[in-house]
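S.K.: Return atomic coordinates for the entry below.
(2 chains)
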Amino acid sequence: MANTSTIARGGGASPAPARGHRDDTPPRKRGGLPAWVIPYVLLVPGLLVIGGLLLYPLFQMAVMSFQKVGLREVRGAPAESVGFENYTKLFETELFWTSLRNTVVFAAVTVALTLILGTLVGLLLNKLSKAMSTFLVVGIMAAWATPQIASAIIWRWLFDAESGVINWALNALPDWLSTLLFGRADWSGEPWLNDPVSIYVILILMVVWASFPFIAVSVLAGLRSIAQELYEAARVDGASAWRIFWRITFPLLKPVFAVLTVLSIIWDFKVFTQLFVLAGGTSNREAFNLSLFSYTQAFSAPVKMGMGAAIAVVLTVILLVITFFYVRQIVKTEDVR
Amino acid sequence: MTVLRAPARPRTRRQLSNRKRLGRIGLNTAAVAVFVFAVFPVYWMVSTAFKSNQQIFTTQFIPFPTDPTLEHVERVFTEGVAGHSVWRYLLNSAIVALGTVVVGAVFALLSATAVARFRFRGRTSFLILLLIVQMVPGEALLIPLFMMIRRAGLYDQLLGLIVVNVALTLPFAIWMLRTFVAAVPKELEEAAWIDGASRFTTFWRVLFPLVAPGLVATSIFSFITAWNEFVFALTLMSDQSGFTMPVALRYFVSQRSVDWGAIMAASTLMTIPVVVFFLLVQRRMVSGLVAGAVKG
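M.R.: Here you go, the predicted model:
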């Protein structure tokens, strides 16, 4: 249905005959080209980049995952095919399963928290007075705009064992409360960044902090598009706020939530920069997720690019399945055809 | 009943307005709490950058630099981080980001015009392809792109990073720009055609000026992405003089004794341009990312 061979709705072809009456010479610069070729000519640079630098490497990655690629091969020696060896080895490695578990659990928790917090803040923004709402939007923009690397460094500093403000704050809690909540009162010198569990707690906090603003602002944009009459009618009928949310807001914003959920899953599945900085590079194997595991296999000695590629393939396959839902949703709502 | 009713009415009204006032206070309190959560880490970065070392390395809570100092800012410019003055890294980052913007903008505009202005065989497939490649994790492409860049002789060169960043930003840039092109009324171009202007003149004199604001928004998005990019800059640059800001910062933070004052000053320097640009295009980014799902 989309592949109609007629070129333009009025744009490209129809002015031509109109011009023909006054002037028989075709337009100067691109005049020699038949109209149907023009869009393809315009697409050439874009297609070259996408094909050459995104699709071809994707294919290469798949090929490499079936090869042994060590330092010699990186330097130019032809790579030897090993069949499924990388994959069978990978699935036997304990570290693969901990990385996969870390990736999935982290994404699940973070996506849920980001969506809940983001939606609540979006609803809040909608209820606030204009001045208050602007104030809050500017505030959350600060978190959103901070570069990933900077936010990773900031959070490392907040959780610093010696001079971190978090340890100070936990010590400032009354001892009974701290003991009740965490089972301890003294937090001086607590080394948060050695243990994979606390690394992930900080990572979750940090990623939620950095990504809830986007959800909030998107939900707000969605809320503004809902007709106010619906809410007035519901309020006249005496519906509770809870009921109004689940009966009006949520169904109407479902497409928004669908896209936001999928985008968040995709982003949280491939977190690299923040984890790399928090975990202090590639030494803490317990804290690996799939991205960091793949990076370590490929770029730390001994170089095993084939194995790294196999891990990347697993990650990509998972993400492409999720992307499928995203694309379907966008095609439904956006005018792609 | 009737006796009771008369005084009851004003009381309920007052109660209602009280409840409303309470609700308002509750909402505003929540807003302030969220505000503090969002802003505090950034505030802590900036305030650490201006604290003396004595105020930084303490177990006390020092809410703001009582004795603000520029020593850290000065130090990152003179002694630098990771072996070079921070100017060097800012310059490298700027070259990569601007190179990405210039090449990306030209390519994106051409493709966006094709998609928004023409109906052709393969158009839908191309749009869907854009959506899919946007989602392919850069981290997954790291290994093959590393090999390709090496083979092309672009390893340890800023040009290699530009090439990679153009690829990473182009799909979204086309996606974003195409709505701007579509928003320019076709009649304007048709009028120019009728007046005898060539396709190229029409494009340059009519379409281009009208799409310029969209081009700016898209370019800022590409700039921010390239400016922040970390993984490729980490793997494609081994020589310290070629580090971009993110890599230099991370290198600095992994040193044994961390100079938090200097690193917070450098992080602040890196964050400022992003925040400024961000304020300019934040709306566009929301609508671009959520695409048509949000109409408002």
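
S.K.: low pLDDT regions in the stretch 201-337 of chain A?
M.R.: Scanning the stretch 201-337 of chain A with the threshold set as pLDDT under 70 gives A:334-337.

S.K.: Could you rerun that using 80?
M.R.: A:329-330, A:332-337 (pLDDT under 80).

S.K.: swap in the stretch 101-250 of chain B?
M.R.: Using pLDDT under 80, the stretch 101-250 of chain B drops low at B:137, B:139, B:199.

S.K.: hey, where'd the helices end up in it?
M.R.: In the stretch 101-250 of chain B, the helices defined using DSSP state H, counting those that start in this stretch lie at B:123-135, B:138-151, B:158-183, B:186-194, B:199-201, B:208-228, B:231-236, B:245-253.

S.K.: Quick check: buried residues in the fifth one?
M.R.: Right, helix B:199-201. B:199, B:201 (16 or more other Cβ atoms under 10 Å in any protein chain shown). Yep, even glycine has a C-beta here, placed from its N, CA and C like the rest.

S.K.: quick one: it to chain centroid distance?
M.R.: 33 Å (Cα atoms, centre = their mean, to the nearest Å).

S.K.: quick check, it touching chain A?
M.R.: Yes: legend: contact between helix B:199-201 and chain A by Cβ under 8 Å from any Cβ of the partner chain is shown at B:199-201.

S.K.: What of the first one?
M.R.: Yes: shown here: helix B:123-135 in contact with chain A (Cβ under 8 Å from any Cβ) through B:123-133, B:135.

S.K.: Same check on the last one?
M.R.: Yes: residues of helix B:245-253 contacting chain A under Cβ under 8 Å from any Cβ: B:245-246, B:249-250, B:253.

S.K.: Could you tell me which of these count as buried?
M.R.: B:245-246, B:249-250, B:253.

S.K.: mind putting the helices of the stretch 101-250 of chain B in a markdown table, distance to A:Val259 included?
M.R.: Shown next, in a markdown table, are those (distance: least, Cβ to Cβ, whole Å):
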| stretch | distance to A:Val259 |
| --- | --- |
| helix B:123-135 | 11 |
| helix B:138-151 | 20 |
| helix B:158-183 | 13 |
| helix B:186-194 | 29 |
| helix B:199-201 | 36 |
| helix B:208-228 | 18 |
| helix B:231-236 | 25 |
| helix B:245-253 | 28 |
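
S.K.: which of the residues of helix B:245-253 next to chain A lies closest to chain A?
M.R.: Taking Cβ to the nearest Cβ as the measure, chain A lies nearest B:Pro246 of the residues of helix B:245-253 next to chain A, at 4.0 Å.

S.K.: and B:Arg150, how many neighbours?
M.R.: 16 (other Cβ atoms under 10 Å in any protein chain shown).

S.K.: Do I have it right that A:Gly306 meets A:Phe66?
M.R.: Yes: using Cβ atoms under 8 Å, A:Gly306 is in contact with A:Phe66, at 7.4 Å.

S.K.: Put together TSV for the residues of helix B:199-201 next to chain A, with distance to A:Thr93 on each row.
M.R.: Listed next are the residues of helix B:199-201 next to chain A as TSV, based on distance: Cβ to Cβ, whole Å:
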residue	distance to A:Thr93
B:Arg199	58
B:Phe200	58
B:Thr201	62
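
S.K.: any idea of the angle the helix or strand in which A:Gly306 is found forms with helix B:158-183?
M.R.: Take DSSP states H and E as the rule and A:Gly306 turns out to sit in helix A:305-333. For helix A:305-333 against helix B:158-183, the angle by axes from the mean of the first three to the mean of the last three Cα atoms, to 10 degrees is 10 degrees.

S.K.: Can helix A:305-333 be said to contact chain B?
M.R.: Yes: for helix A:305-333 and chain B, the contact criterion (Cβ under 8 Å from any Cβ) is met by A:305, A:308-309, A:312-313, A:315-316, A:319-320, A:322-323, A:326-327, A:329-331, A:333.

S.K.: Just give the number of residues close to the closest residue in space to A:Trp187 that isn't next to it in sequence.
M.R.: Nearest residue to A:Trp187 in three dimensions, chain neighbours excluded: A:Leu170, at 4.0 Å (Cβ to Cβ, 6 or more residues apart in numbering or on different chains). Neighbour count for A:Leu170, taken as other Cβ under 10 Å: 18.

S.K.: OK, contacts around A:Leu170?
M.R.: A:178, A:182, A:187, A:190 (Cβ atoms under 8 Å, 6 or more residues apart in numbering or on different chains).

S.K.: As a markdown table, those with secondary structure and neighbour count would be great.
M.R.: Formatted as a markdown table, the contacts of A:Leu170 follow (DSSP: H, G, I helix; E, B strand; the rest coil; neighbours: other Cβ atoms under 10 Å in any protein chain shown):
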| residue | secondary structure | neighbour count |
| --- | --- | --- |
| A:Ser178 | helix | 17 |
| A:Phe182 | helix | 11 |
| A:Trp187 | coil | 19 |
| A:Glu190 | coil | 20 |
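
S.K.: between those residues, which is closest to B:Phe40?
M.R.: A:Trp187 (18.2 Å; Cβ to Cβ).

S.K.: I figured that closest one hits A:Asn167, correct?
M.R.: Yes: contact criterion Cβ under 8 Å: A:Trp187 and A:Asn167 qualify, at 4.7 Å.

S.K.: Centroid-nearest residue for the chain?
M.R.: Assuming you mean chain A. A:Trp267 (1.8 Å; Cα atoms, centre = their mean).

S.K.: Actually, chain B is the one I wanted.
M.R.: B:Ile224 (3.8 Å).

S.K.: Skipping adjacent residues, who's closest to A:Leu113 in space?
M.R.: A:Val208 (4.9 Å).

S.K.: B:Val36 versus the one you found, what's the distance?
M.R.: Distance of A:Val208 to B:Val36, given as Cβ to Cβ, to the nearest Å: 15 Å.

S.K.: returning to what we had before: mark which of the residues of helix A:305-333 next to chain B are buried, thanks.
M.R.: Here, 16+ other Cβ under 10 Å leaves A:305, A:308-309, A:312-313, A:315-316, A:319-320, A:322-323, A:326-327, A:329-331, A:333 buried among the residues of helix A:305-333 next to chain B.
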